[in-house]
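Peer 1: sequence and predicted structure, then a few things I'm wondering about:
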Amino acid sequence: KNEVEQSPQNLTAQEGEFITINCSYSVGISALHWLQQHPGGGIVSLFMLSSGKKKHGRLIATINIQEKHSSLHITASHPRDSAVYICAVSFKAAGNKLTFGGGTRVLVKP
Amino acid sequence: DTAVSQTPKYLVTQMGNDKSIKCEQNLGHDTMYWYKQDSKKFLKIMFSYNNKELIINETVPNRFSPKSPDKAHLNLHINSLELGDSAVYFCASSHGPGFGEQFFGPGTRLTVL
(Lines give C-alpha, C1' and ligand atoms only; values in the text may rest on other atoms or scores of the structure.)
Protein backbone atom coordinates (compact mmCIF):
# COMPACT_ATOMS: atom_id res chain seq x y z
CA LYS A 1 0.00 0.00 0.00
CA ASN A 2 1.32 3.44 -0.88
CA GLU A 3 1.42 5.47 2.28
CA VAL A 4 2.98 8.70 3.47
CA GLU A 5 3.28 9.48 7.17
CA GLN A 6 4.31 12.82 8.61
CA SER A 7 5.31 13.79 12.12
CA PRO A 8 4.62 15.73 14.16
CA GLN A 9 1.07 16.76 13.25
CA ASN A 10 1.49 20.05 15.08
CA LEU A 11 4.58 21.94 16.15
CA THR A 12 5.00 25.18 18.08
CA ALA A 13 8.38 26.88 18.23
CA GLN A 14 9.82 30.14 19.48
CA GLU A 15 11.30 32.49 16.93
CA GLY A 16 14.89 31.52 16.20
CA GLU A 17 14.50 27.83 17.00
CA PHE A 18 15.54 25.00 14.69
CA ILE A 19 12.55 23.03 13.39
CA THR A 20 12.48 19.52 11.95
CA ILE A 21 9.54 17.84 10.23
CA ASN A 22 9.69 14.18 9.30
CA CYS A 23 8.17 12.17 6.47
CA SER A 24 8.29 8.43 5.94
CA TYR A 25 6.88 6.40 3.09
CA SER A 26 6.18 2.78 2.39
CA VAL A 27 7.58 1.73 -1.00
CA GLY A 28 9.86 2.88 -3.78
CA ILE A 29 9.36 6.40 -5.04
CA SER A 30 10.27 8.48 -8.05
CA ALA A 31 10.51 11.72 -6.11
CA LEU A 32 9.50 13.39 -2.87
CA HIS A 33 8.05 16.88 -2.66
CA TRP A 34 7.84 19.30 0.24
CA LEU A 35 5.01 21.82 -0.06
CA GLN A 36 4.03 24.81 2.06
CA GLN A 37 0.43 25.87 2.53
CA HIS A 38 0.00 29.35 3.93
CA PRO A 39 -2.83 30.31 6.27
CA GLY A 40 -4.48 31.99 3.27
CA GLY A 41 -4.67 28.59 1.56
CA GLY A 42 -2.15 28.90 -1.28
CA ILE A 43 0.23 25.97 -1.89
CA VAL A 44 3.85 26.52 -2.84
CA SER A 45 6.35 23.88 -3.84
CA LEU A 46 9.48 24.14 -1.67
CA PHE A 47 11.57 21.19 -2.82
CA MET A 48 11.48 18.19 -5.08
CA LEU A 49 14.18 15.61 -4.41
CA SER A 50 14.99 12.02 -5.16
CA SER A 51 18.31 11.75 -3.34
CA GLY A 52 20.64 13.63 -1.03
CA LYS A 53 20.00 17.11 0.23
CA LYS A 54 18.74 20.47 -1.04
CA LYS A 55 18.97 23.90 0.55
CA HIS A 56 17.07 27.07 -0.17
CA GLY A 57 17.63 29.97 2.18
CA ARG A 58 16.82 28.81 5.70
CA LEU A 59 15.14 25.62 4.48
CA ILE A 60 16.94 22.30 4.09
CA ALA A 61 15.42 19.07 2.81
CA THR A 62 17.09 15.68 3.05
CA ILE A 63 16.09 12.24 1.89
CA ASN A 64 17.37 8.77 2.78
CA ILE A 65 16.20 6.37 0.09
CA GLN A 66 17.28 3.23 1.97
CA GLU A 67 15.37 4.24 5.09
CA LYS A 68 12.43 5.67 3.08
CA HIS A 69 12.57 8.84 5.10
CA SER A 70 12.85 12.57 4.47
CA SER A 71 13.22 15.57 6.76
CA LEU A 72 12.50 19.24 6.28
CA HIS A 73 14.52 21.57 8.49
CA ILE A 74 13.87 25.25 9.12
CA THR A 75 16.82 27.09 10.61
CA ALA A 76 16.41 30.32 12.59
CA SER A 77 12.62 30.05 12.39
CA HIS A 78 10.52 33.18 12.01
CA PRO A 79 6.81 33.85 12.54
CA ARG A 80 6.39 34.10 8.76
CA ASP A 81 7.34 30.40 8.57
CA SER A 82 4.02 29.60 10.27
CA ALA A 83 2.20 27.40 7.78
CA VAL A 84 1.25 23.80 7.07
CA TYR A 85 4.09 21.78 5.56
CA ILE A 86 3.06 18.85 3.41
CA CYS A 87 5.15 15.93 2.24
CA ALA A 88 4.07 14.28 -1.01
CA VAL A 89 5.60 11.40 -2.90
CA SER A 90 5.23 10.01 -6.37
CA PHE A 91 5.23 6.22 -6.11
CA LYS A 92 6.80 4.36 -9.03
CA ALA A 93 4.17 1.62 -8.87
CA ALA A 94 1.32 4.12 -8.96
CA GLY A 95 2.09 5.88 -12.21
CA ASN A 96 3.99 8.60 -10.42
CA LYS A 97 0.87 10.32 -9.13
CA LEU A 98 1.35 12.30 -5.92
CA THR A 99 0.27 10.82 -2.61
CA PHE A 100 0.17 13.30 0.25
CA GLY A 101 0.99 13.13 3.91
CA GLY A 102 -1.40 14.63 6.41
CA GLY A 103 0.63 17.80 6.85
CA THR A 104 2.43 19.38 9.81
CA ARG A 105 0.99 22.58 11.17
CA VAL A 106 3.85 24.83 12.31
CA LEU A 107 3.37 27.89 14.50
CA VAL A 108 6.37 30.07 15.21
CA LYS A 109 5.81 32.51 18.07
CA PRO A 110 7.67 35.82 18.27
CA ASP B 1 1.89 37.13 -14.40
CA THR B 2 -0.05 34.37 -12.67
CA ALA B 3 1.43 30.97 -13.46
CA VAL B 4 -1.61 28.81 -12.63
CA SER B 5 -4.96 30.55 -12.31
CA GLN B 6 -8.34 29.22 -11.27
CA THR B 7 -11.80 30.71 -11.46
CA PRO B 8 -13.83 31.24 -9.46
CA LYS B 9 -12.00 31.55 -6.16
CA TYR B 10 -15.21 30.98 -4.21
CA LEU B 11 -18.30 29.10 -5.30
CA VAL B 12 -21.43 28.76 -3.19
CA THR B 13 -24.27 26.76 -4.66
CA GLN B 14 -27.28 24.62 -3.85
CA MET B 15 -27.40 20.84 -3.82
CA GLY B 16 -28.32 19.37 -7.17
CA ASN B 17 -26.83 22.20 -9.24
CA ASP B 18 -24.18 21.77 -11.93
CA LYS B 19 -21.06 23.92 -11.75
CA SER B 20 -17.68 24.30 -13.44
CA ILE B 21 -14.26 25.40 -12.23
CA LYS B 22 -11.73 26.63 -14.77
CA CYS B 23 -7.95 26.34 -14.68
CA GLU B 24 -5.31 27.84 -16.92
CA GLN B 25 -1.52 27.68 -16.82
CA ASN B 26 0.90 29.87 -18.75
CA LEU B 27 4.02 27.87 -17.92
CA GLY B 28 4.07 25.79 -21.08
CA HIS B 29 3.64 22.61 -19.02
CA ASP B 30 2.33 19.41 -20.58
CA THR B 31 0.62 17.98 -17.50
CA MET B 32 -2.21 19.34 -15.40
CA TYR B 33 -3.92 18.01 -12.30
CA TRP B 34 -7.00 18.44 -10.15
CA TYR B 35 -6.70 17.87 -6.41
CA LYS B 36 -9.34 17.94 -3.70
CA GLN B 37 -8.59 19.16 -0.17
CA ASP B 38 -11.21 18.06 2.33
CA SER B 39 -12.29 19.68 5.58
CA LYS B 40 -9.41 17.97 7.41
CA LYS B 41 -7.00 19.60 4.96
CA PHE B 42 -6.04 16.26 3.41
CA LEU B 43 -5.06 16.54 -0.27
CA LYS B 44 -5.92 13.86 -2.77
CA ILE B 45 -5.47 13.64 -6.51
CA MET B 46 -8.59 13.43 -8.64
CA PHE B 47 -7.45 13.64 -12.27
CA SER B 48 -4.38 14.25 -14.37
CA TYR B 49 -4.08 15.15 -18.04
CA ASN B 50 -0.96 15.02 -20.17
CA ASN B 51 -1.16 16.84 -23.50
CA LYS B 52 -4.95 16.81 -23.34
CA GLU B 53 -5.10 13.07 -22.61
CA LEU B 54 -6.48 11.68 -19.35
CA ILE B 55 -3.73 9.70 -17.62
CA ILE B 56 -4.94 9.52 -14.01
CA ASN B 57 -8.55 9.03 -13.01
CA GLU B 58 -8.90 8.26 -9.34
CA THR B 59 -11.96 6.77 -7.73
CA VAL B 60 -14.06 9.85 -8.23
CA PRO B 61 -17.85 9.84 -8.76
CA ASN B 62 -18.69 10.15 -12.44
CA ARG B 63 -20.53 13.36 -11.59
CA PHE B 64 -17.07 14.88 -11.89
CA SER B 65 -15.87 15.32 -15.46
CA PRO B 66 -12.61 16.99 -16.38
CA LYS B 67 -12.16 18.55 -19.79
CA SER B 68 -8.94 19.73 -21.39
CA PRO B 69 -9.55 21.80 -24.54
CA ASP B 70 -5.80 22.35 -24.91
CA LYS B 71 -2.76 21.62 -22.79
CA ALA B 72 -2.92 25.03 -21.08
CA HIS B 73 -6.45 24.50 -19.77
CA LEU B 74 -8.07 21.89 -17.56
CA ASN B 75 -11.61 22.51 -16.43
CA LEU B 76 -13.62 20.55 -13.90
CA HIS B 77 -17.36 20.14 -14.31
CA ILE B 78 -19.46 18.78 -11.48
CA ASN B 79 -23.02 17.58 -11.99
CA SER B 80 -25.71 17.18 -9.35
CA LEU B 81 -23.66 18.69 -6.55
CA GLU B 82 -23.86 17.04 -3.14
CA LEU B 83 -23.05 18.33 0.35
CA GLY B 84 -19.96 16.10 0.45
CA ASP B 85 -18.51 17.87 -2.55
CA SER B 86 -17.80 20.90 -0.37
CA ALA B 87 -14.01 21.25 -0.34
CA VAL B 88 -11.18 23.29 -1.78
CA TYR B 89 -10.20 22.21 -5.28
CA PHE B 90 -6.68 22.89 -6.48
CA CYS B 91 -5.42 22.81 -10.02
CA ALA B 92 -1.70 22.24 -10.63
CA SER B 93 0.68 21.74 -13.53
CA SER B 94 4.11 20.24 -14.15
CA HIS B 95 6.44 19.65 -17.09
CA GLY B 96 5.63 15.97 -17.29
CA PRO B 97 3.36 13.35 -15.72
CA GLY B 98 4.35 12.81 -12.11
CA PHE B 99 7.76 14.32 -12.36
CA GLY B 100 9.04 17.82 -12.02
CA GLU B 101 8.00 20.46 -9.57
CA GLN B 102 4.27 21.07 -9.45
CA PHE B 103 2.86 24.57 -9.52
CA PHE B 104 -0.48 25.05 -7.80
CA GLY B 105 -3.33 27.39 -8.49
CA PRO B 106 -4.83 29.46 -5.66
CA GLY B 107 -7.66 26.99 -5.08
CA THR B 108 -11.43 27.20 -5.44
CA ARG B 109 -13.47 26.90 -2.25
CA LEU B 110 -16.70 25.14 -3.13
CA THR B 111 -19.54 25.24 -0.63
CA VAL B 112 -22.65 23.20 -1.34
CA LEU B 113 -25.70 24.19 0.73
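Peer 2: Structure's in. What do you need? Numbers count the residues shown, from 1 in each chain, chains lettered A, B, ... in the order given.

Peer 1: going forward, measure contacts and count neighbours with C-alpha atoms only.
Peer 2: Will do.

Peer 1: and the residue nearest to B:Asn26 when sequence neighbours are not counted, what is it in contact with?
Peer 2: Distances taken as Cα to Cα, 6 or more residues apart in numbering or on different chains place B:Ala3 nearest to B:Asn26, at 5.4 Å, with adjacent residues excluded. Listed by Cα atoms under 8 Å, 6 or more residues apart in numbering or on different chains, the contact set of B:Ala3 reads B:Gln25, B:Asn26, B:Leu27, B:Phe103, B:Gly105.

Peer 1: the second one reaches B:Val4, doesn't it?
Peer 2: Yes: with contacts defined as Cα atoms under 8 Å, B:Asn26 counts as touching B:Val4 at a distance of 6.7 Å.

Peer 1: higher neighbour count, those two?
Peer 2: Higher neighbour count among B:Asn26 and B:Val4: B:Val4, with 22 against 14, using other Cα atoms under 10 Å in any protein chain shown.

Peer 1: how near is the more buried one to chain A?
Peer 2: Between B:Val4 and chain A the distance is 11 Å, computed by Cα to the nearest Cα, to the nearest Å.

Peer 1: quick check, pLDDT for that residue.
Peer 2: For B:Val4, the pLDDT comes out at 96.

Peer 1: same thing with A:Phe100?
Peer 2: Value for A:Phe100, per-residue pLDDT: 94.

Peer 1: how near is it to chain B?
Peer 2: Distance, A:Phe100 to chain B, using Cα to the nearest Cα: 6 Å.

Peer 1: bridging residues for that residue?
Peer 2: Beta bridges link A:Phe100 to A:Ala88, judged by DSSP bridges.

Peer 1: residues contacting it?
Peer 2: Applying Cα under 8 Å, 6+ apart, the residues contacting A:Phe100 are A:Val4, A:Ile86, A:Cys87, A:Ala88, A:Val89, B:Phe42, B:Leu43, B:Lys44.

Peer 1: same list, those, but as CSV with pLDDT and distance to A:Ile60 please.
Peer 2: Shown next, in CSV, are the contacts of A:Phe100 (pLDDT from 0 to 100; distance: Cα to Cα, whole Å):
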residue, pLDDT, distance to A:Ile60
A:Val4, 93, 20
A:Ile86, 97, 14
A:Cys87, 97, 14
A:Ala88, 94, 16
A:Val89, 92, 17
B:Phe42, 91, 24
B:Leu43, 93, 23
B:Lys44, 93, 25
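
Peer 1: ok, so of those, who is nearest B:Pro97?
Peer 2: For those, the minimum distance to B:Pro97 (Cα to Cα) is 13.2 Å, reached by A:Val89.

Peer 1: which residue, other than its chain neighbours, is closest to the closest one?
Peer 2: A:Leu32 (4.4 Å).

Peer 1: since that was my last question, I'll sign off now.
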